[in-house]
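Asks: what's the 3D shape of this:
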Amino acid sequence: MRIETPRRHSKLAVTCLLLWCAVQALAVDARPPKKVANGSSWADKVDLDDLVPYTVPTAAWSDRYSDIAITWDKPEEPGIQRLQSLVGWAGTKITDNLLSWKISENGQTLPLKLKHRNYRPDKVIETDRSDNLEVTATAAFPVWDAIAVQFSVENFAAHDRTIDLNFDYPGKGVAPDWRGPFPAGLVVSVENEPEGSWSTLYKHNEHGRNVVWVRDFVAGMTQDTTLELSCIADLSSHKLHIGPNGNSRFTIVMAMGRNRGRAHQAYREAMAKITKGWTPDAETARIRDLLRSAPILAPKYRGNPKYERLYAHAITGMNSAFIRGEGGYTAATRIPYTGKDGIGIAFFWDTSFTTLGAREFAPELGEEALQDFVDNPSPRGALPGTLSDTHRAGEGQAPIMTWAAWHVYESSHDKAWLAKVYPGLSGHINFWMKYHTSPRGLAEYFNAGQIGDNDARFDRVYNGVEHSNQPVSGFESPDLNSFLVMEMRNLARMAIELGRASEAAEWNERANKLAKLIVDTCYFPDDAMFYDVSEGTHEKFSGVKNPNMFLPLWAGVPLPEAEIHRIIEKHMLNPDEFFRSLPFPSLSFDNPKYDPAGYWRGRIWPHFVYWMTQTLWRYGYHKEAELTADRLLSMMQLEPWFMENFNSDPQKVGTVGEQDSQPEYIWTQSAAIELLLERYKQE
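Replies: Sure, this is the predicted structure:
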């Protein structure tokens, strides 16, 4: 008998082993880097001073998912200033002065001047100076909707002093003796509560029936519904005996709620923590823990204080933007507001993209936010365009929520959650394909607010006149259908995870059919470009070039490799159209209507640039993808805030601040997080 050597089998085994190792290596690359142990992380070294997410001058602030925000409208003046309720669209101002203080000695009021205020994500520290005296007030949120202020009064004199510290606050000296209906905006003291407690009614702001692009299905509290806000606090005066070069400390609590009972609950919880030894330093430790929970930066950025601080800013800013509901449409779950001052509410698009960044340090935030949208569909199955605890409105925007949900699932691996959101996400895609689809099967926008507000591509609808957030019709778009292709493919992935093989096959078949239809109808080989087309034809609708036209590549439509390279090299990487030091404006540089400050006519939108970065990397343009990522991260640092969008003129970006767009915007924070982790390099 001939005995064969195992050489052939060994080669096969080695080959299989190498393939297995390669697959495992790719899998490892797709997972977040391991987190660094407590005490040895970048998070323990990053400078938190003046890093408060909503920084000067609109420091809307809290990291406890609170619907109470503080803003300093007059940062040169002492005290804790404007109080804002983040309930309803953009919130409502409650008072311009939440808490201020005066000091006196021997019956004489001492001058008190602001020396410095340090805006941090864990606490805000104000130092006021007087004659041989310094008052430091450190404000922090020990619990949800409760603000604790620790006062430290330091005597620099060489003798004993007796100091009286008195507070001013909303409703002080205003007896609750109104006649007739209680007027909204009036702040009064309340009976049977400590001095310093107050109550008011304020008007709710709706985002729904008064807004064209979301008014088709609106539910919840209407405009100007009156809501109550109560505050429980003991702000009686303090008499302090301070020795030579000594100091005295005490802490006060202001607890708020939509009724007095909730305010009392927050007050009890805060006081219990303080009794057990809580100080604002506890919040510092909590923020450090939050940062430690995030993956370490990609090697390219790791160890660089500039990028570590940007990363910390993005994480703490985003974390503070999630607002907890109070039993309404979002129940007690958390949902990300686009901002805490001026534009506060959750949008379909913004929420979807934001969950990518949130999953890196707290996947449960992304799960709760997406679940909130899925739990509130219209009767046709469409998910809301905007959503808050008090109201829901509209039937969504361009569909990217399934794409976002799959990313969240990749971090959380929570199959029970996936099973909950899968039906609602499926229903939203079926809504588009049933109610807003042309006879040949391409989905169609029905309002400009679903994608690009005043995009120049829509001007033809309005006879050449610029409009925003208005109905549109008469054309089919490659970007909308590319989003749907991506959604269907992610629904197929979800179906596989949930053991629904036949549904997965159906979603993949629908995705492939739609992807081919995009190429057949919206691709123009002579131009090497995708365009909107007039409904039912192969005629260009507007001929506008913007980053949206590259989304078919992002979605992986069936084009020959040579055609893909033609598109990328002729247009995406063309400096006369899109590829300059400030990358991918919302309208090509060569368009006569290009305006570097134009809302969707030249400004740069970070989430779109992120998709462009992914596209370049996936098709082998690695150097250009990394360059785009670096350019976007550099652009983000030209402003003190994470702006909603950016002026695409290198001479103007970073010089106009809030006048240019909304500060501290959540999808820019999310894009920063994903770029710093180089997630665009993953499949």
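
Asks: what about the strands in the stretch 51-200 of the chain?
Replies: With DSSP state E, counting those that start in this stretch as the criterion, the stretch 51-200 of the chain has strands at 68-71, 82-85, 92-95, 100-105, 108-109, 113-119, 124-130, 133-143, 146-155, 161-168, 187-189, 198-203.

Asks: ok, the first one: who's next to it in the sheet?
Replies: When you say that, I think you mean strand 68-71. strand 82-85 (antiparallel) (DSSP bridges).

Asks: And the fifth one, by the same measure?
Replies: Sheet pairing here is set by DSSP bridges, and for strand 108-109 it gives strand 100-105 (antiparallel).

Asks: residues in contact with the residue nearest to residue 614 when sequence neighbours are not counted?
Replies: Nearest residue to residue 614, sequence neighbours excluded (Cβ to Cβ, 6 or more residues apart in numbering): residue 680, at 4.5 Å. Every C-beta, even on glycine, is put in place using the N, C-alpha and C of the backbone. Residue 680 sits next to 610, 613-614, 617, 625, 629, 674 when contact means Cβ atoms under 8 Å, 6 or more residues apart in numbering.

Asks: got it, and residue 596?
Replies: Residue 596 neighbours (Cβ under 8 Å, 6+ apart): 585, 602-603, 647-649, 652.

Asks: quick one on the thing from earlier: return the distance of the residue nearest to residue 614 relative to residue 117.
Replies: Using Cβ to Cβ, to the nearest Å, residue 680 is found at 38 Å from residue 117.

Asks: Test of understanding: give the bridge partners of residue 119.
Replies: Under the criterion used (DSSP bridges), residue 119 bridges to residue 124.

Asks: How many neighbouring residues does it have?
Replies: By other Cβ atoms under 10 Å, 21 other residues sit near residue 119.

Asks: Can you tell me how far it is from residue 640?
Replies: 11 Å.

Asks: got it, and residue 71?
Replies: Taking Cβ to Cβ, one finds residue 71 at 15 Å from residue 640.

Asks: Compare neighbour counts for these two and give me the winner.
Replies: Higher neighbour count among residue 71 and residue 640: residue 71, with 23 against 15, using other Cβ under 10 Å.

Asks: and the closest residue to residue 654 other than its chain neighbours, how many residues sit next to it?
Replies: Leaving aside its sequence neighbours, residue 654 sits nearest to residue 638 (Cβ to Cβ, 6+ apart; 3.1 Å). Residue 638 has 14 neighbours, counted by other Cβ under 10 Å.

Asks: ok, now the one 4 residues further on?
Replies: Counted with other Cβ under 10 Å, the burial measure for residue 642 works out to 25 neighbours.

Asks: For the residue nearest to it when sequence neighbours are not counted, give me its contacts.
Replies: Leaving aside its chain neighbours, residue 642 sits nearest to residue 668 (4.0 Å; criterion: Cβ to Cβ, 6+ apart). Listed by Cβ under 8 Å, 6+ apart, the contact partners of residue 668 are 606-607, 636, 642-644.

Asks: Weed out the non-buried ones from those.
Replies: Buried by 16 or more other Cβ atoms under 10 Å: 606-607, 636, 642-644, out of those.

Asks: Quick check: which ranges of the stretch 51-200 of the chain have low pLDDT?
Replies: Applying pLDDT under 70 to the stretch 51-200 of the chain picks out residues 54-58.

Asks: Can you list the low-confidence ranges for the stretch 301-450 of the chain?
Replies: Applying pLDDT under 70 to the stretch 301-450 of the chain flags no residue at all.

Asks: ranges for the strands of it?
Replies: For the stretch 301-450 of the chain, the strands defined by DSSP E, counting those that start in this stretch occupy 322-324, 334-336, 346-347, 386-387, 391-393.

Asks: need the ones you listed in JSON lines with mean neighbour count and distance to residue 460, can you?
Replies: Converted to JSON lines, the strands of the stretch 301-450 of the chain look like this (neighbours: other Cβ atoms under 10 Å; distance: least, Cβ to Cβ, whole Å):
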{"stretch": "strand 322-324", "mean neighbour count": "23", "distance to residue 460": "39"}
{"stretch": "strand 334-336", "mean neighbour count": "27", "distance to residue 460": "35"}
{"stretch": "strand 346-347", "mean neighbour count": "28", "distance to residue 460": "26"}
{"stretch": "strand 386-387", "mean neighbour count": "28", "distance to residue 460": "27"}
{"stretch": "strand 391-393", "mean neighbour count": "27", "distance to residue 460": "28"}
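
Asks: Can you add distance to residue 96 and give those back as JSON lines?
Replies: As requested, these are exported to JSON lines (distance: least, Cβ to Cβ, whole Å):
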{"stretch": "strand 322-324", "distance to residue 96": "22"}
{"stretch": "strand 334-336", "distance to residue 96": "27"}
{"stretch": "strand 346-347", "distance to residue 96": "27"}
{"stretch": "strand 386-387", "distance to residue 96": "28"}
{"stretch": "strand 391-393", "distance to residue 96": "27"}
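
Asks: thinking again about what came up before, turn the strands of the stretch 51-200 of the chain into TSV, including distance to residue 471.
Replies: Shown next, in TSV, are the strands of the stretch 51-200 of the chain (distance: least, Cβ to Cβ, whole Å):
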stretch	distance to residue 471
strand 68-71	34
strand 82-85	33
strand 92-95	30
strand 100-105	49
strand 108-109	61
strand 113-119	42
strand 124-130	45
strand 133-143	43
strand 146-155	44
strand 161-168	51
strand 187-189	42
strand 198-203	29
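
Asks: Give me the subset of the contacts of residue 668 that lies in strands.
Replies: Using DSSP state E, no member of the contacts of residue 668 sits in strands.

Asks: Of the residues you listed, which is the nearest to residue 453?
Replies: residue 644 (11.8 Å; Cβ to Cβ).

Asks: What residues does that closest one make contact with?
Replies: Going by Cβ under 8 Å, 6+ apart, residue 644 touches 338, 605, 661-663, 665, 667-668.

Asks: top of these by neighbour count?
Replies: residue 668 (32 neighbours).

Asks: next one: the helix or strand harbouring that one to chain centre, how far?
Replies: Element membership of residue 668 [criterion: DSSP states H and E] is helix 666-676. The chain centroid and the centroid of helix 666-676 are separated by 9 Å under Cα atoms, centre = their mean, to the nearest Å.

Asks: swap in stretch 216-235?
Replies: 23 Å.
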